[in-house]
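S.K.: Fold the following and give me the result.
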Amino acid sequence: MLRCTKAARIRQSAVLIRTLPALSLPHFHATQPRHNRTFKSTASARAGEPYNPATIERVEDEVDVCIVGGGPAGLSAAIRIKQLEKEKGREIRVVVLEKGSEIGAHIVSGAVLEPRALSELLPDWQNLPEHPLTTPATSSRMLFLTPGFSIPLPHPPQMNNDGNYIISLSAFTRWLATFAEEMGVEIYPGFAGAELVYSETEDSVDAWGRTVKSIRGVRTGDVGLSRDFKLKSSYEPGMTFKSKVTLLAEGAHGSLSKQAIAQYDLRKESAPQTYALGMKEVWRVSPEKHRPGEVVHTMGWPLNNNGYGGGWVYHMEGGLVSLGLVVGLDYKNPWLSPYREFQRMKHHPYFRSLLSPSETGVAPERLAYAARTLVEGGLQSVPKLNFPGGALIGCSAGFVNIAKIKGTHNAMKSGMVAAEAVVDALETTSEEGEGPACDLSGYDTALHRSWVHSDLWEVRNLRPSFNTSLGLWGGIIYSGIDSLFLKGRGGWTFGIGAKGNNSTAAYDAAHTEPAHLHTPIAYPAFEPPLSTDLMTSVALTGTNHAEDQPVHLRVVPTSAYSVRTGGGATAPESPAADAFLNPATGAGSPAVRTLAGAQVAENGMDNGDGKAWVADENATRSAHVKTNVDLYAGLLGRACPAGVYEYVEEEGAADAAEGSWKCHKLVINSQNCIHCKLCDIKVPTQDITWTVPEGGGGPKYSKAF
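M.R.: Presented below is the predicted three-dimensional model:
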């Protein structure tokens with residue numbers, strides 16, 4: 001496929017020129033050559049050597065716009081920029097970096113699409129070839145579940161699906177990508193945006209009037225490092241894409257987005273973001289039970305008073321049914337397992353009937369499983385959208401309409417509005433990109449004047465009402481009154497935490513209560529094939545990570561990790577904090593020891609500094625284990641929907657110097673990670689930082705998603 005071919009060429013270019021000082025290579029593209037670009041690299045390092053980023057020179061490429069994330073927001077922005085390029089007659093080079101192995105590989109959603117933004121972006125989409133909007137929503141129902149019954153409820157008008165389509169969001173993004181490429185957008189799957197590239201000097205003014213460094217591009221992740229940060233024979237340094245504008249479209253709780261939010265205080269005037277975990281399965285059901293176009297949403301059991309959430313059943317084409325459960329991550333009980341709640345939900349008579357063999361004996365089949373966090377905060381939690389040199393778009397900013405249970409239309413529109421601001425800003429920027437960074441404040445203003453703001457304003461109080469003194473049932477009653485009658489016209493707005501909370505810590509984690517305040521939940525036994533154990537489900541995600549690569553789930557607060565990788569946040573004090581910055585921080589003591597040794601040798605430090613850094617790493621991990629096991633009964637072992645985290649007991653692991661506590665040790669099965677980001681959000685100690693693994697790793701969701 002074309003996208004893989006282009007990515008392969010970039011990697012080949014990086015390998016071939018590593019031994020050359022500088023080359024001017026022709027720019028390759030699917031349609032026509034446009035201009036030359038200069039790559040810079042360094043001599044090849046030898047396998048087995050300790051990784052020392054200070055000695056690595058990277059391939060550099062200069063682009064006009066670098067978009068991180070190949071989802072609906074990023075692709076819509078890219079397409080709209082190219083449309084405006086044609087109108088204005090100015091050539092604009094646009095690159096989209098996607099960490100998945102291909103476009104759509106990491107995309108998961110329900111999904112019912114409101115085509116409003118699509119009709120603005122591609123007005124003739126219904127006549128375009130192979131468009132995936134082939135299943136119109138024909139009916140919508142709301143059910144309240146008890147353990148044995150399903151009770152019909154009035155359907156809120158915001159959830160009306162007239163004119164909407166049940167789609168595979170993965171297939172939809174693949175389809176959008178074909179148009180982006182035809183228009184000249186360069187899409188590079190398998191390239192994970194690992195670091196923000198900052199200007200060397202304080203060259204810009206942020207939204208609050210402070211003189212700051214601007215963002216001048218993105219560095220992709222290195223490939224070919226071992227778990228303990230030594231170079232493998234396959235090592236390739238990441239590339240640096242220097243850009244005039246950087247758009248972050250990573251989805252909910254993106255690793256670069258949260259750094260930009262903290263660096264530029266983008267939540268100074270907004271509430272903290274809140275999240276939920278959505279788990280999904282795709283089944284092929286018996287033909288007698290398949291009703292193409294039917295949309296069903298559920299409330300109540302199995303969650304009841306355990307937390308906010310609900311289920312869905314969408315009847316897709318081809319005999320497929322998408323079903324799932326959303327669990328708000330502000331739940332209090334650490335004994336709760338979102339995955340087990342999801343599996344228990346399928347034991348309800350409504351789901352059992354749908355997923356059982358028909359009278360003709362045709363057996364349903366579960367085809368796929370996925371999980372991903374989604375934003376829930378709504379309008380109150382939308383941060384300042386622009387920063388010097390770029391902006392947040394899509395779920396990186398948080399435009400999901402939780403009452404509609406839809407966000408794709410708003411994500412696409414935000415990308416389109418940002419694209420218009422980008423083109424305007426580039427017209428006042430020199431070709432060389434010198435001077436202050438591009439100012440995209442016009443995007444923030446325009447977005448809040450668009451129908452995205454109106455869409456979110458009407459439902460701004462629905463989700464927050466469940467966290468007021470009204471409680472769960474009060475929230476249900478209030479939401480019914482507001483959605484049916486007030487429709488957002490009330491003169492009040494419910495808050496979500498304190499404004500100006502610019503901490504990288506997630507607000508939902510603060511709701512978690514100690515385990516001793518709750519009773520462990522007795523979940524029913526699995527009933528294959530209706531419900532199965534977690535690892536059986538994870539096998540359906542197609543997840544794969546390169547063997548023996550650094551752990552990308554770091555046991556370190558985001559603020560500490562950011563300063564060690566150049567993110568600019570302030571790290572907490574530690575014995576070696578002032579000595580040097582260690583990129584392996586949080587990846588385990590063997591990795592930190594390797595990097596410490598390399599940097600001690602490079603900087604002429606004595607061995608005491610390296611030992612102090614390793615001791616600090618072990619102490620941090622030991623403190624994590626102590627609090628999470630002692631107070632929260634190892635919450636992540638139940639909360640993670642992919643079985644990544646285990647708090648295991650083993651003899652001889654009592655020494656804090658080895659990162660353990662009272663014979664308990666944290667085991668991170670990072671190869672299982674499906675990139676949902678729950679750990680980063682929900683861990684009570686807020687000391688798990690999700691970073692990108694090697695590009696191309698992770699789940700590989702099919703077109704059914």
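
S.K.: From here on, just use CA atoms for contacts and neighbour counts.
M.R.: Noted.

S.K.: Can you dump the C-alpha atoms of stretch 296-314 in PDB for me?
M.R.: The C-alpha trace of stretch 296-314 is given here as PDB (Å, rounded to 0.1, in the frame of the first residue of the first chain):
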ATOM      1  CA  VAL A 296     -29.800   1.000  21.600                       C
ATOM      2  CA  HIS A 297     -28.300   2.700  24.600                       C
ATOM      3  CA  THR A 298     -28.500   1.300  28.200                       C
ATOM      4  CA  MET A 299     -28.200   2.700  31.700                       C
ATOM      5  CA  GLY A 300     -28.200   1.100  35.100                       C
ATOM      6  CA  TRP A 301     -27.100  -2.400  35.700                       C
ATOM      7  CA  PRO A 302     -24.400  -3.600  36.000                       C
ATOM      8  CA  LEU A 303     -22.900  -0.300  37.300                       C
ATOM      9  CA  ASN A 304     -25.900   0.800  39.400                       C
ATOM     10  CA  ASN A 305     -24.400   3.000  42.200                       C
ATOM     11  CA  ASN A 306     -20.800   1.900  41.400                       C
ATOM     12  CA  GLY A 307     -20.300   4.700  39.000                       C
ATOM     13  CA  TYR A 308     -21.400   6.600  36.000                       C
ATOM     14  CA  GLY A 309     -21.600   4.800  32.700                       C
ATOM     15  CA  GLY A 310     -23.800   2.900  30.200                       C
ATOM     16  CA  GLY A 311     -23.900   0.400  27.400                       C
ATOM     17  CA  TRP A 312     -24.700   0.400  23.700                       C
ATOM     18  CA  VAL A 313     -25.700  -2.000  20.900                       C
ATOM     19  CA  TYR A 314     -25.300  -0.800  17.300                       C
END
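
S.K.: Same question for that stretch: list its buried residues.
M.R.: Within stretch 296-314, the residues that qualify as buried by neighbour count (16 or more other CA atoms under 10 Å) are 296-304, 306-314.

S.K.: What about those residues, which are in strands?
M.R.: Within the buried residues of stretch 296-314, residues falling in strands by DSSP state E are 296, 297, 298, 299, 300, 309, 310, 311, 312, 313, 314.

S.K.: tell me the pLDDT at the first one?
M.R.: Residue 296 is assigned a predicted lDDT (pLDDT) of 97.

S.K.: and if you look at the fourth one?
M.R.: You'll see residue 299 listed with a pLDDT of 91.

S.K.: residues contacting it?
M.R.: When the contact criterion is CA atoms under 8 Å, 6 or more residues apart in numbering, the partners of residue 299 are 142, 143, 144, 145, 309, 310, 311.

S.K.: who's the fourth one bridged to?
M.R.: In this structure, residue 145 has beta-bridge partners residue 150, residue 300, where bridges are defined by DSSP bridges.

S.K.: The last one too?
M.R.: Assessed by DSSP bridges, residue 311 has beta-bridge partners residue 298, residue 325.

S.K.: That one against residue 301, yeah?
M.R.: No: Residue 311 is beyond contact range of residue 301, at 9.4 Å (criterion: CA atoms under 8 Å).

S.K.: Now stretch 134-149 - C-alpha only, CSV.
M.R.: C-alpha atoms of stretch 134-149 as CSV (Å, rounded to 0.1, in the frame of the first residue of the first chain):
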residue,chain,number,x,y,z
THR,A,134,-23.7,2.6,4.2
THR,A,135,-25.8,1.9,7.3
PRO,A,136,-28.3,4.7,8.2
ALA,A,137,-29.5,4.7,11.8
THR,A,138,-33.1,3.7,11.5
SER,A,139,-34.3,3.6,15.1
SER,A,140,-33.0,4.7,18.6
ARG,A,141,-34.0,3.3,22.0
MET,A,142,-32.9,3.9,25.6
LEU,A,143,-33.2,1.0,28.1
PHE,A,144,-32.7,1.1,31.9
LEU,A,145,-31.4,-2.3,33.0
THR,A,146,-32.0,-4.1,36.3
PRO,A,147,-30.4,-7.5,36.9
GLY,A,148,-33.3,-9.2,35.3
PHE,A,149,-35.3,-6.7,33.2
